[in-house]
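Novice: how would this look folded up:
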Amino acid sequence: MRILAIESSCDETAVAIYGNAPGHLPDHPALLTSLVSSQIDIHRLYGGVVPEVASRNHTLRLQPLVTQALADAGLSTDGIDAFAATGGPGLASSLLVGHSFAKGLAVASGKPFLSINHMEGHLLSPFLAKPSPDPREEAAPAVAAPSIPPHLALIVSGGHTMLVKVEKPGHYTLLGRTIDDAAGEAFDKVGRMLNLPYPGGPEIEKLAHQGDPSAFDFPRSLLKDPSLDFSFSGLKTAVLYTLQKLPNPAARLADICASFQAAVFEVLISKSLRAARESGLPLIALSGGVSCNATLRKQMEAACQEAGLEFRSAIPSLSTDNAAMIAFAGWHRHHGGHHDPLSTDINPNLALCPA
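Specialist: Got it, this is the predicted structure:
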């Protein structure tokens, strides 16, 4: 069983194939290929993603990527059992490109179509690669055990911050979410305040390594609140007021970044541990673009060890938007006998856990 998946929810054009390699046993699925064409350099000129530019570049890049992915895996479309694409959430004009292309492949080959929730892809991504025994090396996403144990998922991406109770693939309960800015949005907005290049998250992380995380006492919103929801809008405002008061903000840039980052991570980690405790879940899985931050990963892992919890995280190359996670989610859907009609439309506001 092999799934070819397309991801085009924002500004990354990606194609991946997950399943058994030609000639290998069917109970040993692997990530056969994962290709990502980034548009960061294009959108950096505008300080953020321009939807029309993103969709136009998806259209130009998708066909060559699909051709290359099939060649890398030593397959033709006849060797693919189902075609998947991100159906939401995301930018409508970008989603349409990948969604329509995957439908076309499904129709042309007479194979099933799968419309995948982008956030489900992130949620499952920590289980797509086995952790490396050497902490200096990134785990290679070559072979992954397809079983997903019950766990607490913390998804921290550009537009979403949520805590999800996972019983098994397809069975999710939303425990907490952001009520205003997501953590990733806060990083990007603070990055713009500091005149850092887009995207702001990686730039803030670099500067934070040189700063003092206790230099500024930024607020930890909802930290003691009984709910498991998040709020980062007040923190963003506190950074803005601090910048206005400083006579020379540029001289304190590293301290501001370190203090801001520390405030975000304390809330994320504290709420995750509480959610795992209250839900009786022995494992916390971290995913989403913000999980690329090495400090967050180290602090979360240390906190889990201290609390007697297991920790998993998506490897950095599978943390940002990619099609491997969409193929992996599609594999589980297809394995369970679930497919989508070709009439299925995109949904830019698609919810992972409908109310």
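Novice: thought Ser76 was touching Leu70, still the case?
Specialist: Yes. Using C-beta atoms under 8 Å, Leu70 is in contact with Ser76, at 6.2 Å. Placement of C-beta: from N, CA and C, glycine included.
Novice: between these two, who's got more neighbours?
Specialist: Leu70 (19 against 10; other C-beta atoms under 10 Å).
Novice: does that one sit in a helix or strand, and which one?
Specialist: Leu70 belongs to helix 51-73 when assigned by DSSP states H and E.
Novice: following that helix, which helix or strand comes up?
Specialist: Assigned by DSSP H and E, the successor of helix 51-73 is strand 82-88.
Novice: paired strands for that following strand, with orientation please.
Specialist: strand 2-7 (parallel), strand 113-117 (parallel) (DSSP bridges).
Novice: pull out the buried residues from the helix or strand following it.
Specialist: Once strand 82-88 ends, the next helix or strand along the chain (criterion: DSSP H and E) is helix 92-109. Within helix 92-109, the residues scored as buried using 16 or more other C-beta atoms under 10 Å are 93-103, 105-106, 109.
Novice: report the angle between helix 92-109 and strand 113-117.
Specialist: 160 degrees (axes from the mean of the first three to the mean of the last three C-alpha atoms, to 10 degrees).
Novice: pLDDT of helix 92-109, averaged?
Specialist: The average pLDDT within helix 92-109 is 98.
Novice: same thing with stretch 187-200?
Specialist: 94.
Novice: centre of the chain to that stretch, how far?
Specialist: Put simply, stretch 187-200 sits 19 Å off its chain's centre (C-alpha atoms, centre = their mean, to the nearest Å).
Novice: and it, end to end?
Specialist: 6 Å (C-alpha to C-alpha, to the nearest Å).
Novice: could you do stretch 271-290 as well?
Specialist: End to end - C-alpha to C-alpha - stretch 271-290 spans 16 Å.
Novice: how about stretch 331-341?
Specialist: End-to-end for stretch 331-341, by C-alpha to C-alpha: 17 Å.
Novice: run the chain-centre distance for it.
Specialist: Its chain's average C-alpha position is 21 Å from that of stretch 331-341, according to C-alpha atoms, centre = their mean.
Novice: what about it, average pLDDT?
Specialist: 94.
Novice: not counting its neighbours along the chain, what's nearest Pro149?
Specialist: Leu283 (6.2 Å; C-beta to C-beta, 6 or more residues apart in numbering).
Novice: wait, isn't the one you found in contact with Gly308?
Specialist: No. With contact defined as C-beta under 8 Å, Leu283 does not reach Gly308; the gap is 11.1 Å.
Novice: more neighbours: which of the two?
Specialist: Neighbours per residue (other C-beta under 10 Å) separate Leu283 from Gly308, with Leu283 holding more: 17 against 7.
Novice: count the neighbours of Leu342 for me.
Specialist: By the criterion of other C-beta under 10 Å, Leu342 has 12 neighbours.
Novice: what does Thr242 give?
Specialist: Neighbour number of Thr242 under other C-beta under 10 Å is 18.
Novice: for Thr161, see how far away the residue nearest the centre of the chain is.
Specialist: In the chain, the residue lying closest to the centroid (C-alpha atoms, centre = their mean) is Gly288, at 2.7 Å. Look at Gly288 and Thr161: by C-beta to C-beta, to the nearest Å, they are 8 Å apart.
Novice: who touches both of the two?
Specialist: Shared contacts of Gly288 and Thr161 (C-beta atoms under 8 Å, 6 or more residues apart in numbering): Ile155, Gly184.
Novice: and for Gly79, nearest residue in space, chain neighbours not counted?
Specialist: Arg2 (6.3 Å).
Novice: and the one you found, what does it touch?
Specialist: Arg2 touches Ile17, Tyr18, Gly19, Asn20, Leu32, Ala73, Leu75, Gly79, Ile80, Asp81, counting by C-beta under 8 Å, 6+ apart.
Novice: what does Thr77 give?
Specialist: So Thr77 contacts Leu4, Leu70, Leu105, Ala108, Ser109, Lys111 (C-beta under 8 Å, 6+ apart).
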